[in-house]
Structure formats: C-alpha cells, structure tokens
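S.K.: I would like to see how this sequence folds:
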Amino acid sequence: MGFPGTWMTLDERLVYRVVPKCACSTIGQIMYYGDHGHFFDGDIHDATEGIHKWGIEESKARISEVVKAQEAYAFTCVRNPYTRILSSFFDKICGIQRNGRRYRGNLVPMLIQKYGVEVGGPDGKEEFDQIRSFRRFLLFVRDTIRFRRPMEPDIHWSSVSGHVSTFIVNGGRYNHIFFTEKFNEGMQTVLDNVELAHPVDLAKVPRFNESEGHGPKRAHPVEDYFDDLSMHLVREIYKRDFEVFKYDIDDPSNKMPIGEIDLDEVHAKLGE
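M.R.: Here you go, the predicted model:
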C-alpha cells in the first residue's frame, strides 16, 4: 500500500502525513518554504514539483525509504471531529470548488435527490436551512463509512484515525502529532526539531485556506447543528478519533482537546 497522503521536504528532513481539513494547506506551504525560501504560488495541493508527494511517481521510492528507516522528523495534525465534518459540508458540499464546479461532479445532485440536502442554489449563495441539510448530509456520511454506499467514503470525511493509521501500519512512526486548534504551538515543536535551509517564522506565515470562500458562511454556533441523533451518528463514525486524539465527545461546543495525545497509545491502537 505504501504511504498515501504523505509529503516530504526535498531535503528529506520533514515527513508529513496529510489529513484533509486539518490545516494541510498551511503545513504544505511551510514545508515548501523550508526548502525554497518562498511559498508556492498557488494551492500547494496543485504542486507537482518542489516538494515530494506520494502522488508524484518519482517521489515514492524516496518517501518509502526515508519513512521506513525513520530518518526524517515525521508528524501530522488532527482536528475535532465535530468542526471537521461541518467544515467538510460547507466547503465540499455547499461550495463551488476552485475549478468553478461542484465537488466530484454528480455528488451534490445525488445528495439533493436521495437525501434531500439543500446547498444554497447553483452558486451556494441562496438562503437555506443549514442545520436540516447538514443533518441529512451526516446520514449520507454514515452510509458511506458504515455501508460503503451509495459510494466509498471521501477523504474529507473519512476518519482522521484512518488517515493517520496507514502511515503506522505500513512502517512509519510519528515523532509528533498536534492539534489544528493549537496550530502555532504544535507546528513550532516541529520546526524546533529540524534545521531547514530556510528558517520559518510562524508569526509571519499567512494562513493558507484552500476552502476559504468556497461555500456559504456557517450561520449558527457549532453545537446548533448537532441534536441527539446527529451526535449519536458522529460518535458512531468518529469514536476512535475522539478517544485517541483526546477530544470531547459529549460537547460539540468545545472544539479544544481535553487531554494530551499519547504517541505510544496512538501507535499501539492505530498500528493494529
């Protein structure tokens, strides 16, 4: 299987397991800057050179070698399951993507037809019942993850622990896992442990948000989107994320972690 979703700096000092909707655009740009002294001009997800990616055929052998030998500082970043799934809904389902189209072609029309989801009209700018539509989307997410129908789960709503585990199962080991909600603190730990060709001053790094402006703004507090049923679904889908990455499963309004990540526990539970 290898190391899908893994990026590495050209100097092979930093290895990052990408987790969608967890500050991956900003992290990728920081890695790019560390090699080149400037940020990538455009969305870092579109870069096909200047950074090693598992998706680039020529990069696979080097990534495999470095990760298995545990020669680089390996890290990833995680996020509260409640806010992550909400972000996926507004960006990927309600939003127009950077190519000017809906995400995954016929996905949104299918959600409208089969699940009664509304997305704010053709451009995502019309008023609609965000809470009702999100809860219907959540039923679809549960169906994709539990029953793999009407489609396989998408990377933007498949569990964080699922992404993180492939790296471990295939022979990698993380040196650090940090919280999106404590980004500067966590990313600084990474930078303190490697010597990059071009040092990065986190205070001066802009936030690169590939989903910014794609969809309608969230109109309500996070907790308003989750009634008893939708909280039950989130617990069912993301139970392991809450447990391993120390988020509050009982309070959607609390986006902050309630404990520290134990790397040994992560490797033991996700390496099975």
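S.K.: quick one: low-confidence parts of this structure?
M.R.: 210-214 (pLDDT under 70).
S.K.: hey, which helix is longest across it?
M.R.: helix 228-245 (DSSP state H).
S.K.: what residues does it touch?
M.R.: Residues from elsewhere that reach helix 228-245, judged by Cβ atoms under 8 Å, 6 or more residues apart in numbering: 78, 81-82, 85, 134-135, 138-139, 141-142, 145-146, 159-161, 177, 179, 226, 247-249, 252, 257, 261, 265-266, 269-270. In short, each C-beta sits where N, CA and C put it, glycine included.
S.K.: what sits against Val141?
M.R.: 85, 153, 157, 233, 237.
S.K.: one more time with 7 Å, if that's ok
M.R.: Neighbour list for Val141: 85, 157, 237 [criterion: Cβ atoms under 7 Å, 6 or more residues apart in numbering].
S.K.: Going by residue numbers, what spans are strands in the stretch 101-250 of the chain?
M.R.: 176-179 (DSSP state E, counting those that start in this stretch).
S.K.: got the CA positions of the longest helix of the chain in CSV?
M.R.: The C-alpha coordinates for helix 228-245 follow below in CSV (Å, rounded to 0.1, in the frame of the first residue of the first chain):
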residue,chain,number,x,y,z
ASP,A,228,-29.2,13.9,19.8
LEU,A,229,-29.4,11.9,16.6
SER,A,230,-26.6,13.7,14.8
MET,A,231,-24.3,13.5,17.9
HIS,A,232,-25.0,9.7,18.0
LEU,A,233,-24.0,9.5,14.4
VAL,A,234,-20.8,11.4,14.9
ARG,A,235,-19.9,9.3,17.9
GLU,A,236,-20.6,6.1,15.9
ILE,A,237,-18.5,7.3,12.9
TYR,A,238,-15.6,9.0,14.8
LYS,A,239,-15.4,7.2,18.1
ARG,A,240,-11.8,6.3,17.7
ASP,A,241,-10.8,9.9,16.7
PHE,A,242,-12.3,11.3,20.0
GLU,A,243,-10.6,8.6,22.1
VAL,A,244,-7.1,8.6,20.6
PHE,A,245,-6.8,12.4,19.9
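S.K.: The chain - how does it break down into domains?
M.R.: Split into domains by automatic domain parsing, the chain comes to 6-80+158-204, 82-155+215-238.
S.K.: What's the local residue count around Ser87?
M.R.: 22 (other Cβ atoms under 10 Å).
S.K.: and the closest residue to it other than its chain neighbours, what are its phi and psi?
M.R.: The shortest distance from Ser87 to any non-neighbouring residue, by Cβ to Cβ, 6 or more residues apart in numbering, is to Lys21 (5.2 Å). Lys21 adopts backbone torsions of phi 70, psi 20, taken as degrees, to the nearest 10.
S.K.: next one: the longest helix of the chain to chain centre, how far?
M.R.: 16 Å (Cα atoms, centre = their mean, to the nearest Å).
S.K.: I'd like the next helix or strand past that helix.
M.R.: helix 263-270 (DSSP states H and E).
S.K.: which helices and strands does that next one pack with?
M.R.: Helix 263-270 sits against helix 160-169, helix 228-245, with contacts defined as 3 or more Cβ pairs under 7 Å, 6 or more residues apart in numbering; DSSP states H and E.
S.K.: Counting neighbours, which bits of it end up buried?
M.R.: By 16 or more other Cβ atoms under 10 Å, the buried positions in helix 263-270 come out as 266-267, 270.
S.K.: now Pro257, nearest residue through space, not along the chain?
M.R.: In space, Pro257 is closest to Lys246, 4.7 Å off (Cβ to Cβ, 6+ apart).
S.K.: Sorry, slip of the keys, the one I care about is Thr166.
M.R.: In space, Thr166 is closest to Pro4, 6.1 Å off (Cβ to Cβ, 6+ apart).
S.K.: Just give the number of residues close to that neighbour.
M.R.: Residues within reach of Pro4, counting by other Cβ under 10 Å, total 14.
S.K.: can you pull the contacts of Thr6?
M.R.: So Thr6 contacts 15, 17, 54, 63, 67, 167 (Cβ under 7 Å, 6+ apart).
S.K.: Go through those residues and name the one nearest Pro216.
M.R.: Nearest to Pro216 out of these is Arg17 (Cβ to Cβ; 30.4 Å).
S.K.: which residues does that closest one bridge with?
M.R.: Thr6 (DSSP bridges).
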